[in-house]
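Engineer: for reference, the sequence and a predicted model appear below.
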Amino acid sequence: MRYESAPAPPTSSRWSHDIKSAYVQFWRGVFERRAPQSIAAVETALGAELKQGNATREVPDELLAALTKAYREAVVIKEPSSK
C-alpha cells in the first residue's frame, strides 16, 4: 500500500497498492503547497531531498514525527479564495 506523504484533499489522494511491501511516496509539490515550513524537517528525517515521487520503505520515529508536524501544518493552510 502506498499513500501521499502530505495531506491533500480526498479527491486528489493517490491510493494504490504494491503486493511486495509497504512504502511511503513523497510529492514535493504537495509539501510546497500544503506544508512548506516542514520540508526541511522531513528531508532531514528522510535523509534525502523531497522530490516528485521518491519513496522510502523505512519510516523511523523521526520521520513519522516530521510527517505528523507537516500534516498539522497542512490542515491550517487555507486555499487562496478566488475574488
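Structural biologist: Received it, and whenever you're ready, just let me know what you need.
Engineer: what's the single longest helix in this structure?
Structural biologist: helix 61-76 (DSSP state H).
Engineer: got the buried residues for it?
Structural biologist: Neighbour counts over helix 61-76 (16 or more other C-beta atoms under 10 Å) mark 63, 66-67, 69-70, 73-74 as buried. (Glycine included, C-beta is placed from N, CA and C.)
Engineer: same check on stretch 22-29?
Structural biologist: For stretch 22-29, a neighbour-count test (16+ other C-beta under 10 Å) marks 24-28 as buried.
Engineer: secondary structure element for residue 42, which one?
Structural biologist: Residue 42 belongs to helix 39-46 when assigned by DSSP states H and E.
Engineer: next: residue 25.
Structural biologist: strand 24-27.
Engineer: pLDDT on that strand, on average?
Structural biologist: The average pLDDT within strand 24-27 is 93.
Engineer: show me what that strand is packed against.
Structural biologist: Using 3 or more C-beta pairs under 8 Å, 6 or more residues apart in numbering; DSSP states H and E as the contact test, the elements touching strand 24-27 are strand 52-56.
Engineer: neighbouring contacts of the strand it packs on?
Structural biologist: Contact with strand 52-56 is made by 2, 23-29, 46, 48, 63, as judged by C-beta atoms under 8 Å, 6 or more residues apart in numbering.
Engineer: low-scoring pLDDT stretches of this structure, where are they?
Structural biologist: Where the chain drops to pLDDT under 70, the residues are 1-20, 77-83.
Engineer: how about residue 49, secondary structure?
Structural biologist: Secondary structure state of residue 49, per DSSP: H, G, I helix; E, B strand; the rest coil, is coil.
Engineer: for it, grab the count of nearby residues.
Structural biologist: Other residues within reach of residue 49, judged by other C-beta atoms under 10 Å, total 10.
Engineer: so who does the closest residue to residue 69 other than its chain neighbours touch?
Structural biologist: Leaving aside its chain neighbours, residue 69 sits nearest to residue 38 (5.5 Å; criterion: C-beta to C-beta, 6 or more residues apart in numbering). When contacts are counted by C-beta under 8 Å, 6+ apart, residue 38 is found next to 31, 66, 69-70, 73.
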